[in-house]
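Novice: Model the following, please.
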Amino acid sequence: MTYIYNAGPLFSEADQKQRKLEGDLLRELGKDYADYFVANPIDLPLDQQGPLTGSIIFQTDNEHIQKANVFFFELATGDTGTMVELGMAIQRLIHGDNISVYPIFSDLRLVRNHASGIECPVGFNSFVTGSLTYHQIPTYPDFESALRAFKKSLAAF
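Specialist: Predicted coordinates:
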């Protein structure tokens with residue numbers, strides 16, 4: 001089964017619109033596959049009757065993180081929640097889980113300054129970028145590039 005977890009900040013209107021768009025694109029890509037699920041936190045049903053606590057958010061997201069075998073992470077903003085989710089996925093790699101990780105650094109400074117890769121002077125945390133380079137995980141400059149790479153991997157099946 002292809003079980004996708006899409007992670008990124010959700011605090012601004014622009015973040016929310018982007019995550020919804022990504023979820024729509026991922027679901028559209030999977031419409032021809034029977035065993036395909038997209039866990040997109042912005043779209044997850046949570047109890048809207050009472051306060052939405054951190055415990056509820058963690059419990060819900062963690063359930064999907066543990067089931068997922070494909071991850072998309074928007075990392076350019078340094079959102080701490082997304083970084084924790086990435087760390088949880090990296091830990092699964094360390095434990096030998098067969099998962100695919102698509103980290104996205106959609107930082108316009110990279111393109112504008114003709115900087116390539118994540119080992120550049122834009123200010124990304126070295127521990128975070130090191131976790132990706134250590135595991136030989138390619139990074140992507142935007143969601144569309146990551147989606148194309150994922151689509152190519154689906155064609156291999």
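Novice: so who does residue 98 touch?
Specialist: By CB atoms under 8 Å, 6 or more residues apart in numbering, residue 98 lies in contact with residue 69. All C-beta spots, glycine's among them, are computed from the backbone N, C-alpha and C.
Novice: Now the element after the one helix or strand in the chain whose mean pLDDT sits lowest, going C-ward?
Specialist: Lowest mean confidence among the helices and strands of the chain (mean pLDDT, DSSP states H and E): helix 108-112, at a mean of 69. Heading C-terminal from helix 108-112, the first helix or strand you meet, by DSSP states H and E, is helix 126-134.
Novice: next structured bit after that following helix?
Specialist: Past helix 126-134, the next helix or strand by DSSP H and E is helix 143-155.
Novice: Distance from the chain centre to that following helix, please.
Specialist: 13 Å (CA atoms, centre = their mean, to the nearest Å).
Novice: how much space between residue 22 and residue 141?
Specialist: 15 Å (CB to CB, to the nearest Å).
Novice: Comparing these two, which residue is more hemmed in?
Specialist: Shown here are residue 22 and residue 141; by other CB atoms under 10 Å, residue 22 has more neighbours (24 against 17).
Novice: Surely the more buried one is within a strand?
Specialist: No: looking at residue 22 with DSSP: H, G, I helix; E, B strand; the rest coil, it is helix, so not inside a strand.
Novice: Given the host helix or strand of residue 6, what are its sheet partners and their directions?
Specialist: Assigned by DSSP H and E, residue 6 falls within strand 2-7. If you go by DSSP bridges, strand 2-7 pairs up with strand 36-39 (parallel), strand 70-74 (parallel).
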